[in-house]
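Participant: this one's sequence-less:
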Ligand code: 2P0
């Protein structure tokens, strides 16, 4: 009955992802679908994660959400949150006792329960690095576990995570992940993420994260991309003419483990994304002088090496992510730390224990 106090619970973590081919601009704001494909690497060996516990019980009288220990009042009724909870719950399967084979929770019982969600970032949220992508991916993954949900078509869970936050759909898979824009189906069920190469395929790729500023960004992605879609002709051109070519180039580069081609298209796409921000009216500035000096340093490094050894990429903020190969990490770190020394942290020492680096 309704007083059954059993609490069902699942805890799952999800890593953030960093796009090489950028998502910027929505085709449909209700379904939260993009105007172009995108592609990212999931940082599954890093500590840039969200850890989420999802509980359900007939004893709960409403849905509630806590972020990093404090309750977000009203957040449980937000459209993004509702799309994830209701979307995964619709795919719930009955829970069966493994010993007695008895049905413990029927599909109908799941529908009667409210959920409590508690999510933590394992990295300071202010740095804007492990935020919405990891958060909504962990939310969906925890709900999938809690409800024993089963997809009715491949990628359905990513379509649900996408409604939480676009970039979150790419964090449900490891390795290199493409988000296909979709749009052939009227319900956008074809706007899903798909793994291009798994985490084992090109394990030599490393991400060095340079925290230029941990201040909260001034223009939210959702608001920024809406202004860009409304005003930037360059963004329309990019979505129509540029991105599909780059998706082919980068997917081939990944399959062939061709860092030269991978790095070049990654840098060019970051630059074009920030060019569309500048082309937005009024313009949006995410990169700052330090960001631009990192761009110059990377180009000088690659020129000196006579090959692309590092590739920068910048999202909706000034922080740099430098992609490189394992064999060049120490060299790249030495270079970064020479020009951007940090007082307290033993980053070289940390590298021994951590594959993805965080540098201030
Ligand atoms: C990306 N970014 O592909 C791009 C590059 C920022 C720059 O995805 O409105 O937080 O929640 O769908 O996913 C940031 O946008 O936006 C983003 P919503 P989201 O990673």
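Facilitator: That came through, no problem. Here the structure is a predicted model, which is why all the values come from computation and not from measurement.

Participant: Provide the count of other residues in contact range of residue 275.
Facilitator: Neighbours of residue 275 under the rule other C-beta atoms under 10 Å: 14. In short, each C-beta sits where N, CA and C put it, glycine included.

Participant: and it, what does it touch?
Facilitator: residue 234 (C-beta atoms under 8 Å, 6 or more residues apart in numbering).

Participant: SS state for it?
Facilitator: Under DSSP: H, G, I helix; E, B strand; the rest coil, residue 275 falls in the helix class.

Participant: Look up how far the ligand lies from it.
Facilitator: 13 Å (C-beta to the nearest ligand atom, to the nearest Å).

Participant: Spatially, which residue comes closest to residue 96, not counting chain neighbours?
Facilitator: Spatial nearest neighbour of residue 96, chain neighbours left out: residue 103 (5.8 Å); criterion: C-beta to C-beta, 6 or more residues apart in numbering.

Participant: The one you found is in contact with residue 93, isn't it?
Facilitator: No: judged on C-beta atoms under 8 Å, residue 103 makes no contact with residue 93 at a distance of 10.5 Å.

Participant: who in the stretch 101-250 of the chain is up against the ligand?
Facilitator: Proximity of the stretch 101-250 of the chain to the ligand is confined to 132, 165, 166, 167, 221, 222 under the rule C-beta under 6 Å from any ligand atom.

Participant: Provide the backbone phi and psi angles at the fifth one.
Facilitator: When read as degrees, to the nearest 10, the backbone of residue 221 gives phi -60, psi -40.

Participant: Pipe the residues of the stretch 101-250 of the chain next to the ligand into TSV and attach neighbour count per row.
Facilitator: What follows is these, written out as TSV (neighbours: other C-beta atoms under 10 Å):
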residue	neighbour count
132	20
165	22
166	26
167	29
221	20
222	15
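
Participant: Out of those residues, which is nearest to residue 18?
Facilitator: Set against residue 18, the nearest of these by C-beta to C-beta is residue 167 (9.4 Å).

Participant: my guess is the closest one contacts residue 34, does it?
Facilitator: No: Residue 167 is beyond contact range of residue 34, at 9.5 Å (criterion: C-beta under 8 Å).

Participant: Give me the three-state assignment for residue 184.
Facilitator: coil.

Participant: Let me see the contact set for it.
Facilitator: Residue 184 touches residue 190, counting by C-beta under 8 Å, 6+ apart.

Participant: Distance of it relative to the ligand?
Facilitator: The gap separating residue 184 from the ligand is 20 Å, by C-beta to the nearest ligand atom.

Participant: No further questions, thank you.
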